[in-house]
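Asks: Output the structure for:
(2 chains)
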Protein chains: 2
Amino acid sequence: MINKLVEKIKKQNAPVVVGLDPMMKFVPKHLQEKAFAEYGETLEGAAEAIWQFNKGIIDNIYDIVPAVKPQVAMYEQFGIPGMVAYKKTIDYCHEKDMVVIGDVKRGDIGSTSEAYAVGHLGKVQVGSNKFAAFDEDFATVNPYLGSDGITPFINVCKEEKKGIFILVKTSNPSSGEFQDRLIDGKALYEHVGEKVNEWALSCMGDDYSYVGAVVGATYPEQGKLLRKVMPKSFILVPGYGAQGGKGADLVHFFNEDGLGAIVNSSRGIIAAYNNEAYAKFGAENFGDASRQAALDMIADINGALGK
Amino acid sequence: MINKLVEKIKKQNAPVVVGLDPMMKFVPKHLQEKAFAEYGETLEGAAEAIWQFNKGIIDNIYDIVPAVKPQVAMYEQFGIPGMVAYKKTIDYCHEKDMVVIGDVKRGDIGSTSEAYAVGHLGKVQVGSNKFAAFDEDFATVNPYLGSDGITPFINVCKEEKKGIFILVKTSNPSSGEFQDRLIDGKALYEHVGEKVNEWALSCMGDDYSYVGAVVGATYPEQGKLLRKVMPKSFILVPGYGAQGGKGADLVHFFNEDGLGAIVNSSRGIIAAYNNEAYAKFGAENFGDASRQAALDMIADINGALGK
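Replies: Presented below is the predicted three-dimensional model:
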């Protein structure tokens, strides 16, 4: 799957992933009203609204953006109907040949991480049958529990040729509280980065590993360092746009081959119609606004990369 | 909810929680066959089997054990039907007046942690209505992202009078890879413990805080230290039984009031019928075996505590 991601990024010339984090406040009123008219102001109604919102965006970006990153929390908060919308979104993106990065940030002790890995990236055994429960292509994983929590994911990745992105340096303001603390003169995130590199080298695709890392766009200096620590890992870079990251900050997250990073924007793309720059499209045409915002983001990043 | 947990522990004289981690290999054959006969060897069939398994255990322990801890990964691996079984389990435990600790180990940047907190402990807004999506009483939370990831949970806890257990020192063999690394002469887990104590003091119940911690039974020395670092936090202690922890190792996880810790056993209780010591019950009577194993665990821990 890392090979497919690299190919799509090259073909579309777009090292970009759109975060499908459909908070209700981003869903245009007309979609909310239609969903509530059919299902009431219920969890089912909310799930229908966010699914229709996603569909409108996917239909307008699938030919220019290689990947999406649905944030499962935004679906999970609507309970079972929300999880149904999450699964529908994954399946629909696959129909459109997009790569799906499940932003699930799971991670637990061995046997439990195995269940997460199987449920999100692999196939679960039921009697003599096997089922892919959620079937994302990549998942994000939390490293706090160490190798026991990561190895089961790597095993499933090898079997299914799928991938993970391990949290190394997250984009949020307080990420430094623990991640920046110095251990033997190096920040915790660098130690985690070194382990990511070990894990990465144990399961390589053609040029890049099945094991990638998450490093926030909001920390460009750390990105520059971590790029060197994990040369074979793709870096998933959240924090562009709404969280403050800019194209010019991102150059050092990439390798000299112009690859090695994929930059995420969520609300900057999906709620573009709310942004003054794209207001001319109007809420009815939120998908067109998202497409234009995605094109502008791609141009910004490619410009910074001198492409 | 921490007050209710403390009351129930006192009343039942049982500082014990049963981990409802229904891996298919633990589910007795007769339950699997019945579920598969009705739903086929499908995700629905698996979900029915684990739900009936849980029900059989809950019916046999609810009057002697104060709390359960369903591990969501074991449900999530069966996709949507699995999540339906998770929710049914939570609701059924509430009918039986048990405290439910959702072992979800969630944690993300601010707005995302808020969605997790709302979905698991709070109520989500849909139009003019509010819904509790999963409605656990407590959730486990991962600290790697720092305060941004924790504060949204604390806000919901204050509003709903619910609680969290933050991962501090986990029970698995590789937990030391990052958690034991020294920062200014103290292990990372101790730094996390100090933050847990700060967060804990900011939202107190009567005697204990809404904010607790996870510290593995497999690390008794660390438990002794962390007990002092976080005097007002309940410690959720996994790793008893199958993972190797014993009653005598657990004494120092408790405060002098005989409270402050709740010890989890999962397969040791739910798969007791597979254990030689309880084989006489037979697979048909797996619930009776679980009850006896729970009684023995309570006696072991109370014995060690001199109660």
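Asks: excluding its backbone neighbours, what's nearest residue A:109?
Replies: residue B:172 (4.0 Å; CB to CB, 6 or more residues apart in numbering or on different chains). For every residue, glycine as well, the C-beta is placed using N, CA and C.
Asks: And that neighbour, what's its pLDDT?
Replies: We note a pLDDT of 95 for residue B:172 in this prediction.
Asks: quick one, what contacts it?
Replies: A:109-110, A:145-146, A:148-149, B:216, B:218 (CB atoms under 8 Å, 6 or more residues apart in numbering or on different chains).
Asks: Tell me which two of these sit farthest apart.
Replies: A:149 and B:218 (15.1 Å; CB to CB).
Asks: Please flag which of the contacts of residue B:172 sit within helices.
Replies: Among the contacts of residue B:172, the ones falling in helices (DSSP state H) are A:110, A:148-149.
Asks: Take the residues you listed and, keeping just the buried ones, write it as a PyMOL select command.
Replies: The buried residues among the ones in helices among the contacts of residue B:172 can be selected in PyMOL (16 or more other CB atoms under 10 Å in any protein chain shown) with this line:
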select buried, chain A and resi 110+148+149
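Asks: filter the ones in helices among the contacts of residue B:172 down to the ones close to chain B.
Replies: A:110, A:148-149 (CB under 8 Å from any CB of the partner chain).
Asks: Could I get the residues you listed in CSV, plus columns for pLDDT?
Replies: As requested, those are arranged in CSV below (pLDDT from 0 to 100):
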residue, pLDDT
A:110, 92
A:148, 94
A:149, 96
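Asks: Can you verify my assumption that residue A:162 contacts residue A:156?
Replies: Yes - counting by CB atoms under 8 Å, residue A:162 touches residue A:156, with 7.0 Å between them.
Asks: so who does residue A:4 touch?
Replies: Going by CB under 8 Å, 6+ apart, the list of residues near residue A:4 reads A:99, A:137.
Asks: rerun that using 7 Å as the cut-off
Replies: residue A:99 (CB atoms under 7 Å, 6 or more residues apart in numbering or on different chains).
Asks: so which helix or strand takes in it?
Replies: Element membership for residue A:4, per DSSP states H and E: helix A:2-12.
Asks: With residue A:103 instead?
Replies: strand A:99-106.
Asks: and the angle from that strand to strand B:99-106?
Replies: Relative orientation of strand A:99-106 versus strand B:99-106 (axes from the mean of the first three to the mean of the last three CA atoms, to 10 degrees): 130 degrees.
Asks: any common contacting residues for residue A:162 and residue A:156?
Replies: In contact with both residue A:162 and residue A:156: residue A:121, using CB under 7 Å, 6+ apart.
Asks: tally of neighbours for the nearest residue to residue A:187 once chain neighbours are set aside?
Replies: Of all residues not flanking residue A:187 in the chain, residue A:180 sits nearest, at 5.1 Å (CB to CB, 6+ apart). For residue A:180, the neighbour count with other CB atoms under 10 Å in any protein chain shown is 15.
Asks: thinking again about what came up before, so which of the contacts of residue B:172 comes closest to residue B:275?
Replies: So of these, ranked by how close each gets to residue B:275 (CB to CB), first place is residue B:218, at 19.3 Å.
Asks: Model confidence for the closest one, exactly?
Replies: 92.
Asks: burial measure for it, as a count.
Replies: By other CB under 10 Å, neighbour count at residue B:218 equals 21.
Asks: excluding its backbone neighbours, what's nearest it?
Replies: residue B:239 (4.3 Å).
Asks: hmm, back to that, neighbouring contacts of whichever helix or strand comes after the helix holding residue A:4?
Replies: From helix A:2-12 onward toward the C-terminus, using DSSP H and E, the following helix or strand is strand A:16-18. If you take CB under 7 Å, 6+ apart as the criterion, strand A:16-18 is touched by A:61, A:65, A:67-69, A:101, A:262-265, A:269-270, A:294, A:297-298, A:301.
Asks: Run me through the strand neighbours of strand A:16-18, direction for each.
Replies: strand A:67-68 (parallel), strand A:261-265 (parallel) (DSSP bridges).
Asks: now those as TSV including mean neighbour count and mean pLDDT?
Replies: TSV is the format used below for these (neighbours: other CB atoms under 10 Å in any protein chain shown; pLDDT from 0 to 100):
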stretch	mean neighbour count	mean pLDDT
strand A:67-68	27	98
strand A:261-265	28	97
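Asks: can you put those in TSV and add distance to residue A:282?
Replies: Formatted as TSV, the strands paired with strand A:16-18 follow (distance: least, CB to CB, whole Å):
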stretch	distance to residue A:282
strand A:67-68	24
strand A:261-265	21
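Asks: any idea of the angle whichever strand or helix holds residue A:80 forms with helix B:79-95?
Replies: Using DSSP H and E, residue A:80 maps to helix A:79-95. Angle between the axes of helix A:79-95 and helix B:79-95 is 170 degrees (criterion: the same axes, to 10 degrees).
Asks: residues of helix A:79-95 that come out buried?
Replies: A:79-90, A:92-93.
Asks: before we move on, what about stretch A:230-241?
Replies: Buried, per 16+ other CB under 10 Å, within stretch A:230-241: A:230, A:232-241.
Asks: now stretch A:133-148
Replies: A:133-148.
Asks: can you pull the pLDDT of residue A:245?
Replies: Looking at residue A:245, the pLDDT reads 68.
Asks: Report the central residue of chain A.
Replies: Taking CA atoms, centre = their mean, the centroid of chain A lies closest to residue A:69, which sits 3.4 Å from it.
Asks: and it, what are its phi and psi?
Replies: As for residue A:69, its main-chain torsions (degrees, to the nearest 10) stand at phi -130, psi 90.
Asks: One more: residue A:142?
Replies: Torsion angles, degrees, to the nearest 10, at residue A:142: phi -90, psi 130.
Asks: picking up where we left off before, could you dump the contacts of residue B:172 into TSV with distance to residue B:208 added?
Replies: Listed next are the contacts of residue B:172 as TSV, based on distance: CB to CB, whole Å:
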residue	distance to residue B:208
A:109	25
A:110	30
A:145	25
A:146	29
A:148	30
A:149	28
B:216	20
B:218	23
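Asks: what's the closest of the residues you listed to residue A:247?
Replies: residue A:149 (33.7 Å).
Asks: Next up, the contacts around the closest one.
Replies: Taking CB under 7 Å, 6+ apart, one finds A:107-109, A:113 in contact with residue A:149.
Asks: right, and residue A:98 touches residue A:67 too?
Replies: Yes - the pair residue A:98 / residue A:67 is scored as a contact, 6.0 Å apart, by CB atoms under 7 Å.
Asks: Within range of chain B, give me the residues from the stretch 101-250 of chain A.
Replies: Residues of the stretch 101-250 of chain A lying near chain B by CB under 7 Å from any CB of the partner chain: A:105, A:107-110, A:112, A:115-116, A:118-119, A:124, A:126-129, A:131, A:133-134, A:142-148, A:167, A:170-175, A:177-178, A:181-183, A:188, A:191-192.
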